[in-house]
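K.L.:
pasting the structure only:
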């Protein structure tokens, strides 16, 4: 909920591909999940969920309070979502050439920061902590979340080879 407006802004500012109008139209009965999109959504969701749970379990095993572990799991999921939606986990053959969601890296970084700012606020702004049931995190927690996100990204790249790539999706 808190990261969707920046994502919408990024997608709205994504220019059309130069060859868009020269392509044949899609069949009307073709599913939106065609060309491997369905399996990719399932894989990305599972990877994000598993990495978030594993990082939260790590936090519990090191003796953190349940609220801290829950906050860390939320952060890991948010970082994973940010990475996927700003282009870090995009396939090279997608319409996002070079793995970038926007035409300029600056727009991608601004969008990523805009996605992360509300998550940071939910963790560190005292008035928002009771609403989101979060606790402030230490540097070790942020490193763990980054490691969990990176492991998820690498897993996604490995699994991408197993999913038959279809034509670039619109």
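P.N.:
Thanks, I have it. Here the structure is a predicted model, which means the values were calculated and not measured. Numbers count the residues shown, from 1 in each chain.
K.L.:
okay, now the unreliable bits of this protein?
P.N.:
1-17, 86-109, 161, 163-170 (pLDDT under 70).
K.L.:
helices along that one, start to end?
P.N.:
Along the chain, counting by DSSP state H, helices occupy 4-12, 37-61, 66-85, 105-124, 129-132, 139-160.
K.L.:
so what does the fourth one touch, helix or strand wise?
P.N.:
Just to be clear, that refers to helix 105-124. Packing contacts for helix 105-124, counted by 3 or more C-beta pairs under 8 Å, 6 or more residues apart in numbering; DSSP states H and E, involve helix 4-12, helix 66-85, helix 129-132. All C-beta spots, glycine's among them, are computed from the backbone N, C-alpha and C.
K.L.:
would you turn those into a markdown table with mean neighbour count?
P.N.:
Shown next, in a markdown table, are those (neighbours: other C-beta atoms under 10 Å):
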| stretch | mean neighbour count |
| --- | --- |
| helix 4-12 | 14 |
| helix 66-85 | 22 |
| helix 129-132 | 13 |
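K.L.:
of all those, which one is nearest residue 151?
P.N.:
helix 66-85 (9.8 Å; C-beta to C-beta).
K.L.:
distance from the chain centre to the closest one, please.
P.N.:
10 Å (C-alpha atoms, centre = their mean, to the nearest Å).
K.L.:
just want the angle from that helix to helix 139-160.
P.N.:
Between helix 66-85 and helix 139-160, the angle comes out at 40 degrees (axes from the mean of the first three to the mean of the last three C-alpha atoms, to 10 degrees).
K.L.:
so which residues make contact with helix 66-85?
P.N.:
With contacts defined as C-beta atoms under 8 Å, 6 or more residues apart in numbering, helix 66-85 is touched by 3, 7, 10, 44, 47-49, 51-53, 55-57, 59-60, 64, 89-90, 101, 112, 115-116, 119, 122-123, 132-135, 137, 141-142, 144-146, 148-149, 152-153, 156.
K.L.:
what about burial for those, which qualify?
P.N.:
3, 7, 10, 44, 47-48, 51-52, 55-56, 59, 64, 89-90, 101, 112, 115-116, 119, 122-123, 132, 134-135, 137, 141, 144-145, 148-149, 152-153, 156 (16 or more other C-beta atoms under 10 Å).
K.L.:
what is the burial count for residue 158?
P.N.:
Counted with other C-beta atoms under 10 Å, the neighbours of residue 158 add up to 9.
K.L.:
same question for residue 140.
P.N.:
Residues near residue 140, counting by other C-beta under 10 Å, number 12.
K.L.:
give the buried residues for stretch 118-127.
P.N.:
118-119, 122-123.
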